[in-house]
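everything below, folded, please.
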Amino acid sequence: MSLPPDYFEQMFRASDDPWSFRTRWYEKRKRELTLASLPRQRYQRVFEPACANGELSAQLAERSDALLCQDINAKAVALARQRLSGLQHVRVEQARIPRDWPDGEFDLIVLSEVGYFLDAGEWHQVIEQTLRSLGPAGSVLACHWLHPIEGCSQDGRDVHAALAERLNLHRLMRHEEADFLLEYWSRDATSIDLAETCQ
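Numbers count the residues shown, from 1 in each chain. Model prediction:
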């Protein structure tokens, strides 16, 4: 990673919610936009690396049959496990991407606020592993802060430019604001099933 693990150790030593995911309206609104961007009601197998304390994970769990969450930080993993306790279809692991990429296929991979913590080479590996892990109708949802982050060699625009160049998937949605960029790609060119009924 472009930032060492002790960067995250310091963040989580100072707070159980270092990015104020639970308390900031900006973060709550961004999560709601992220979930609203998913064109399918449910996904069979979802992977969310860099889950932090599990705030987005809790909402992804409502839209998935099986959810795998990972984070590099032990405290983040403990917090996410606590947040998601009782959900039998959710698993939270301590792991470091791209090194500890999971086996199997996923029909949704969520890359949220993670790309700029990796250097360009590691991020390209993540994109390659993402492509290898997507099922026949697999999709990728990515969301990143657009402003520079101290110590990071990439910013959100660099991260999404690499995704656009290397994913070779259909980009079905792009939402940009002053502070973040949210995009959704899929193997399937169909954006949404207009005949699908609410569950």
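
so after the longest helix belonging to the chain, what's the next helix or strand?
Using DSSP state H to assign secondary structure, the helix with the most residues in the chain is helix 120-133. As assigned by DSSP states H and E, the chain's next helix or strand after helix 120-133 is strand 134-145.

how far out from the middle of the chain is the next helix-or-strand element following that following strand?
Per DSSP H and E, the first helix or strand lying C-terminal to strand 134-145 is helix 156-166. Mean-position distance between helix 156-166 and its chain equals 14 Å (Cα atoms, centre = their mean, to the nearest Å).

what do you get for stretch 37-46?
Worked out by Cα atoms, centre = their mean, stretch 37-46 lies 13 Å from the chain centre.

one step back: what's the angle between the longest helix of the chain and helix 156-166?
Interaxial angle, helix 120-133 versus helix 156-166 (axes from the mean of the first three to the mean of the last three Cα atoms, to 10 degrees): 50 degrees.

stretch 187-199: end-to-end distance?
Terminal residues of stretch 187-199 are spaced 24 Å apart (Cα to Cα, to the nearest Å).

quick check: buried residues in that stretch?
R187 (16 or more other Cβ atoms under 10 Å). C-betas here are computed from N, CA, C, even on glycine.

check stretch 87-107 too.
V90, V92, Q94, A95, R96, I97, P98, W101, F106, D107.

again with stretch 17-30
So for stretch 17-30, counting by 16+ other Cβ under 10 Å, buried means D17, P18, F21, E27, K30.
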